[in-house]
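S.K.: just to be clear, the model below is a prediction. Sequence and coordinates:
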Amino acid sequence: MKVTVVGAGAVGASCAEYIAIKDFASEVVLVDIKEGYAEGKAMDLMQTASLNGFDTKITGTTGDYTKTAGSHIAVITSGIPRKPGMTREELIGINAGIVKTVSENLVKHSPDVILIVVSNPMDTMTYLAHKVTGLPKNRIIGMGGALDSARFKYRLAEALEAPISDVDGMVIGGHSDKGMVPLTRLATRNSVLASEFLSEDRLNQVLEDTKVGGATLTKLLGTSAWYAPGAAVSGLVQAIACDQKKMFPCSTLLEGEYGLNDLCIGVPVLLGKNGIEKIVEIELTDAEKAKMQESAAGVKATNGLLDA
Ligand SMILES: NC(=O)C1=CN([C@@H]2O[C@H](COP(=O)(O)OP(=O)(O)OC[C@H]3O[C@@H](n4cnc5c(N)ncnc54)[C@H](O)[C@@H]3O)[C@@H](O)[C@H]2O)C=CC1
Ligand SMILES: O=C([O-])CC(=O)C(=O)O
């Protein structure tokens, strides 16, 4: 199983590291545009192999896509991250051009590849990857909901004063400060609804803290986060590589599902060897449906900037 990760920056390198540590891929190829950078990251990571006990071979290249040929899965993390005070949507001007070129190059050398889009604004970049490559919808996956759900669980565990392994929860909707829809109604601690333990106000606080999870870290770090994003991507890659049929909220092209059309947005999907093997439609309340509609309107407004 060969995996390419484009962008050897913070998220790309973290993602490559987690993939290697889990030791399910034979090969990871890092690609960057900065001369020597991917090669350097690959060498540094390879020197952790004997320490961390993995056999995955990691190599790096400065923009030579022939080295990516025959990739089963490719992750796109190339592009600029936001700085404190910015929204993800503000990155579109620079990142759209990068994601377009990178998607074209990847598909040219690996026509059967499954793409995982990470660069922001992620839902719009996933939609752009569809437009540019014309790949079937099961082979283009946007990563956002897996990360947002991990942050939701972190905040739930904090509020419940429970170990994280006790809690479960899911975030759907757009991967943006305003567009996320954390499903507090369905959040649980060991199958018991979180609402049994937490007041409505406290659950709302969990919801609000989850939505600004990325912005909170960006303010603290001066750039956006990378450990949890890298781990979240590695989870999606593993689910596909190992044909796990695991459920994650991912950004996917909707054609009527959830009453939405012609956009990519986060909904629960099953991931296996074919990429997105099923879009899971769950029954939402009227309030949740309204939030999804609002979130979709935000994503569509950003998609509209692609043509501008
Ligand atoms: N979807 C999500 O949940 C998340 C998305 N992100 C996004 O991921 C992207 C990357 O973030 P970081 O890794 O923190 O940034 P970074 O700046 O550390 O790394 C980005 C890398 O992309 C490279 N790059 C730029 N243009 C390229 C091209 N044409 N081909 C190959 N490589 C190129 C840069 O040289 C740099 O090394 C950002 O857009 C960020 O907003 C970050 C975290 C989570
Ligand atoms: O916050 C950002 O800009 C990066 C990102 O998407 C995240 O960490 O959720």
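M.R.: Structure's in. What do you need? Ligands and ions are numbered 1, 2, ... in the order given.

S.K.: contact residues of the stretch 51-200 of the chain facing ligand 1?
M.R.: Along the stretch 51-200 of the chain, the residues adjacent to ligand 1 under the rule CB under 6 Å from any ligand atom are 77-82, 91, 95, 98, 101-102, 118-120, 122, 143-144, 147, 175. In this view, the C-beta of every residue, glycine as well, is placed from N, C-alpha and C.

S.K.: enumerate the residues of the stretch 51-200 of the chain near ligand 2.
M.R.: Neighbours of ligand 2 within the stretch 51-200 of the chain, by CB under 6 Å from any ligand atom: 81-82, 88, 120, 147, 175.

S.K.: which of those residues has the most neighbours?
M.R.: His175 (30 neighbours; other CB atoms under 10 Å).

S.K.: show the backbone phi and psi for the nearest residue in space to that residue that is not next to it in sequence.
M.R.: Spatial nearest neighbour of His175, chain neighbours left out: Gly144 (2.9 Å); criterion: CB to CB, 6 or more residues apart in numbering. Torsion angles at Gly144 (phi, psi; degrees, to the nearest 10) stand at phi -160, psi -50.

S.K.: list the contacts of Gly144.
M.R.: Contact analysis of Gly144 by CB atoms under 8 Å, 6 or more residues apart in numbering lists 122-123, 174-175, 249-251, 266.

S.K.: farthest pair in the residues of the stretch 51-200 of the chain next to ligand 2?
M.R.: Largest separation among these by CB to CB: Arg82 and Leu147, giving 14.6 Å.

S.K.: just put the residues of the stretch 51-200 of the chain next to ligand 2 in TSV and tack on pLDDT.
M.R.: Conversion of those to TSV gives the following (pLDDT from 0 to 100):
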residue	pLDDT
Pro81	98
Arg82	98
Arg88	98
Asn120	98
Leu147	98
His175	98
